[in-house]
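Asks: sequence and computational prediction follow.
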Amino acid sequence: MILQFRNGCLYTQVVVIGKSQRQFEALVDTGSVKTGIPLEECRNLGLRASGAERTAGLYGEDYLPLFDCRLKINEKIFETQIIGLPIPIPIVGMDVLRNYRLIIDWKTQIGEAEET
């Protein structure tokens, strides 16, 4: 996983694959349990709805829809569920990040991620 700092935040590229696919620049969010993209993008990609999950975050606390998809980061494919977010910021959560060993130096803004 390639990590990039921008404006004090850490990002990575992720491709979300459903009936179609799209690459997103996603915020690396170690405080998020699940990965998510904006709800409208889930629909645009033709992702299959698969339930709802109670979550809390920047948007408050609510039940948010889950969608089945494949995520591609570099050449690694993950079969997973993502959250349809009510915010316009895609995020990569711990469900994906736990597959990597992260080394992050916030002071120098250098981040590395090695697959485990």
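Replies: That came through, no problem.

Asks: so in terms of bridging, what pairs with the most centrally placed residue in the chain?
Replies: Closest to where the C-alpha atoms of the chain average out (C-alpha atoms, centre = their mean) is residue 92, at 2.5 Å. Residue 92 has these beta-bridge partners by DSSP bridges: residue 28.

Asks: in contact with it, which residues?
Replies: 12, 14, 26, 27, 28, 29, 32, 35, 73 (C-beta atoms under 8 Å, 6 or more residues apart in numbering). Placement of C-beta: from N, CA and C, glycine included.

Asks: closest to residue 97 among the residues you listed?
Replies: Distance to residue 97 across the contacts of residue 92 (C-beta to C-beta) is lowest for residue 28, with 7.0 Å.

Asks: need the contact list for that closest one.
Replies: Going by C-beta under 8 Å, 6+ apart, residue 28 touches 3, 10, 11, 12, 91, 92, 97, 111.

Asks: tell me, how many residues neighbour the fourth one?
Replies: A count of neighbours around residue 12, defined by other C-beta atoms under 10 Å, yields 22.

Asks: thanks a lot, catch you later.
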